[in-house]
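**Q** Requesting a structural model of the entry that follows:
(one chain, ligands or ions: 1)
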Amino acid sequence: MRMKRNLEQDATNNAKESRVGVVPKPHSYKVRFGTTPAVWATPPDSGGEFFKRHIVAAGLIVVLAISLLAQNIPTSILSTDAMRTWLTYISSDDLEGRGTFNEGLGLAATYIADQLKDGGVSPGGDHGSYFQRVPVLGIRNLGRSSLTVEVKGQTRTFRDGEGVTFQKFVGVSRTFTVDQVEFLGNNAESTKTADYKGKVVVWLDYPDSITLLAAEEGGISAVLTAGSSNPGSDSSSGAPDFVTSQRLDLPRMPSITVGPELLDFLFSASDTNYGQIRTRSSRSEALKAFALKGVRLTINIDGNYRVVSSQFTRNVVGIVEGSDPQLRSTFVAFGAHYDHLGYIQGPLYGEATDRIYNGADDDGSGTTALIGLARAFAKGEKTRRSLVFVWHAGEELGLYGSRYFADNPPESVGDINNIVTQLNIDMIGRNRDNRSAEASTVYAVGADRISTELHNTLVDANASMSRPLSINFEMNDPSDGERIYYRSDHFSYASKGIPIIFFFSGLHPDYHQVTDTVEKIDFDKMARIGQLVYEIGRRVANQDRAPVKDFRGARAGRGATGKLSTN
Ligand SMILES: [Zn+2]
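**A** Here you go, the predicted model:
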């Protein structure tokens, strides 16, 4: 799970970039360049060696008994003993906190791949391997975008650095015109971005990065924010303008800081001019939203990118092929992130001696459950659709692995739209704030936003289980302060229009601490959540058509239970 503070830090950097021309120092830049993973010589497995030794000693009857037992594993879906073995290794100090670009993550990748191979899960990565290489690039944009404003037949063009400042990651070069422009006052966070699809919105205050993500997901054409404009970044420093794993040749919502000269002109045909807005704002008066009159904006995006730094990490990808000749080119995707925060390299303070962020819950729990799920599907009855399992890297630093996968799906998957649903699990082994009353509670986020049908599948699947969980939709509430929907890998798929469900057991005092360790994990709870994910995946993978996308947004929120109407 990505920290909210990190996202806010990004927003601060973006605001700085726009307002005073400061180039944000990407935090990932400080991380040491990694080396290729060492070969893991003898990974502990789930007991295969143990069985083999005893088989020799005990003879044929035991062999038969054990092989029968082994065949039964898929129907009980997830073995808590196997998960405990896997997670004990994955969250051990040996893996040094699985920091992206560090050796520990390479060990984890190799270990996951070994479990997949052993469990009969096919490789889905590059060149027939289990690994998909993820380049994380530092980019400078040397292009000069421009914004042309037309008000009542008068036209003025503002070039980047001259009265306007474009955020540096503007996507592919293109030109588009919009004549619907809405002033939304100064409260950028509370605005329902989906209501302004296809329009340009104007805010007085710079929105936080989550609001920008929501605006882009909601289909807003561009965001303009009032601010003093400054010349672009200093071309002599050589530092990247931004760091990303996303494609540069796709359209992206521009976020533009605009100065008073442009704003005076932009509002000149409206009932309220910009001078009046400024006066009201300085008196802290409430500002009403309104549509600007007689305005046409032409945005010319110039993305002239240079790669100035690169780092590599990798996703782990496994495939279980479907049985239906027609449907098996489509997929249900299952995801978790296997990276975490690494280790403290500098001095420790006070009495502290522990340097390693073990990340047993975040997201060792999802990583482990996903291994169990992939193996269970490989051994169990084949689904009609194919299944792809992705262990994403770089989630904590900025969803690098999932952003890359969604932009560049491997050959085994083909087009990203072949994925009909993505089920993401990140932190499912604990109780929120250590509340023991939540031992049967799982938080589900995002299920209804793109496909009401998928939300209903979740409810039905849970009801069909021998021990149903208590599904809590509180964190799907748009008013929820944690804004979880934007903070883990499912968002990379959702922003491509793929229906998702995110499973989460809640934050706790060990979140992002060195104390997130394996002995605190509730394996029974993990197995139950895994079983639910299995059942939802199985149902979606077997249905005739993909879940219907109706894009109706979040409706199941605090206190919600049960299905939603599809009418
Ligand atoms: Zn995290």
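**Q** just so I have it, where are all the helices in the stretch 1-150 of the chain?
**A** 4-20, 48-58, 60-76, 80-90, 103-118 (DSSP state H, counting those that start in this stretch).
**Q** okay but Gly429 is in contact with Phe504, surely?
**A** No: at 10.7 Å, Gly429 and Phe504 do not qualify as touching, with contact defined as CB atoms under 8 Å. (Glycine included, C-beta is placed from N, CA and C.)
**Q** So for those two, which sits in the more crowded spot?
**A** Remark: of Gly429 and Phe504, Gly429 carries more neighbours, 28 against 25, as counted by other CB atoms under 10 Å.
**Q** Confirm that the more buried one lies within a strand, as I assumed.
**A** No: counting by DSSP: H, G, I helix; E, B strand; the rest coil, Gly429 is located in no strand; its state is coil.
**Q** contacting residues for the residue nearest to it when sequence neighbours are not counted?
**A** Spatial nearest neighbour of Gly429, excluding adjacent residues (CB to CB, 6 or more residues apart in numbering): Ser365 at 3.4 Å. Neighbour list for Ser365: 87, 425, 427-430, 505, 521, 526 [criterion: CB atoms under 8 Å, 6 or more residues apart in numbering].
**Q** so who does Glu396 touch?
**A** 2-3, 6, 100, 337, 339-341.
**Q** SS state for the residue in the stretch 251-400 of the chain positioned nearest to the ion?
**A** Of all residues in the stretch 251-400 of the chain, Asp362 sits closest to the ion, at 4.2 Å by CB to the ion. Put simply, Asp362 is helix when judged by three-state DSSP.
**Q** secondary structure class for whichever residue of the stretch 451-567 of the chain sits closest to the ion?
**A** Per CB to the ion, His512 is where the stretch 451-567 of the chain lies closest to the ion, at 5.8 Å. Following three-state DSSP, we place His512 in the coil state.
**Q** what does Gly335 give?
**A** Put simply, Gly335 is strand when judged by three-state DSSP.
**Q** Share the number of residues neighbouring it, please.
**A** 29.
**Q** low pLDDT regions in this protein?
**A** For the chain, the stretches with pLDDT under 70 are 5-76, 189-192, 229-236.
**Q** In the stretch 1-150 of the chain, which residue sits nearest the ion?
**A** Here the stretch 1-150 of the chain gets closest to the ion at one residue, Met1, 3.9 Å apart by CB to the ion.
**Q** how near is that residue to Ser466?
**A** Here the criterion is CB to CB, to the nearest Å. By it, Met1 lies 29 Å from Ser466.
**Q** more crowded one of the two?
**A** Taking neighbours as other CB under 10 Å, Met1 and Ser466 compare with Met1 leading, 22 against 6.
**Q** hmm, back to that, which residues touch the residue of the stretch 1-150 of the chain closest to the ion?
**A** Contacts of Met1 (CB under 8 Å, 6+ apart): 362-363, 395, 426-427, 484, 487-488, 504, 507, 511.
**Q** Pick the one among these closest to Ser565.
**A** Ile484 (24.6 Å; CB to CB).
**Q** my guess is the closest one meets Met427, correct?
**A** No: judged on CB under 8 Å, Ile484 makes no contact with Met427 at a distance of 10.1 Å.
**Q** intersection of neighbour lists for those two?
**A** Common contacts of Ile484 and Met427, defined by CB under 8 Å, 6+ apart, comprise 1, 504.
**Q** Can you point out the helix or strand that includes Tyr443?
**A** strand 441-445 (DSSP states H and E).
**Q** Please enumerate the helices of the stretch 201-350 of the chain.
**A** Using DSSP H, counting those that start in this stretch, helices in the stretch 201-350 of the chain cover 209-217, 260-266, 274-282.
**Q** So which of those has the densest surroundings on average?
**A** Of all the helices of the stretch 201-350 of the chain, helix 209-217 carries the top mean neighbour count, a mean of 21, counting by mean count of other CB atoms under 10 Å.
**Q** helices and strands around it, which ones?
**A** helix 4-20 (3 or more CB pairs under 8 Å, 6 or more residues apart in numbering; DSSP states H and E).
**Q** follow-up on the earlier one: pull the CA atoms of the helix or strand just after the strand holding Tyr443 into CSV?
**A** Sequence order places helix 447-450 as the next helix or strand after strand 441-445, per DSSP H and E. This file holds the C-alpha atoms of helix 447-450, laid out as CSV (Å, rounded to 0.1, in the frame of the first residue of the first chain):
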residue,chain,number,x,y,z
ALA,A,447,-15.9,-3.1,-7.1
ASP,A,448,-18.9,-1.0,-8.2
ARG,A,449,-17.1,1.9,-9.8
ILE,A,450,-16.7,0.5,-13.3
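**Q** If you count neighbours, what's buried in the lengthiest strand in the chain?
**A** Using DSSP state E, we find that the single longest strand of the chain is strand 305-320. Buried positions in strand 305-320, judged by neighbour count with 16 or more other CB atoms under 10 Å: 305, 309, 311, 313-320.
**Q** Stretch 381-390 now?
**A** Residues 382-390 are the ones in stretch 381-390 that count as buried (16+ other CB under 10 Å).
**Q** Can you narrow those down to the ones near the ion?
**A** Among the buried residues of stretch 381-390, no residue sits close to the ion (CB under 5 Å from the ion).
**Q** which among those gets closest to Arg538?
**A** So of these, ranked by how close each gets to Arg538 (CB to CB), first place is Thr383, at 5.9 Å.
**Q** list the contacts for the closest residue to the closest one other than its chain neighbours?
**A** Once flanking residues are discounted, Thr383 sits nearest to Ala541: 3.6 Å by CB to CB, 6+ apart. If you count contacts by CB under 8 Å, 6+ apart, Ala541 has them with 322, 332, 383-387.
**Q** okay, the angle between the helix or strand containing Ala541 and helix 80-90?
**A** Per DSSP H and E, Ala541 falls inside helix 523-542. Relative orientation of helix 523-542 versus helix 80-90 (axes from the mean of the first three to the mean of the last three CA atoms, to 10 degrees): 100 degrees.
**Q** centre of the chain versus helix 523-542, how much separation?
**A** Offset of helix 523-542 from its chain centre (CA atoms, centre = their mean, to the nearest Å): 20 Å.
**Q** got it, and stretch 394-406?
**A** Distance of stretch 394-406 from the chain centroid (CA atoms, centre = their mean) equals 7 Å.
**Q** what residues does the stretch 301-450 of the chain put near the ion?
**A** Residues of the stretch 301-450 of the chain lying close to the ion by CB under 5 Å from the ion are 362, 396.
**Q** residue boundaries of the strands in the stretch 301-450 of the chain?
**A** Applying DSSP state E, counting those that start in this stretch to the stretch 301-450 of the chain gives strands spanning 305-320, 331-337, 386-392, 419-425, 441-445.
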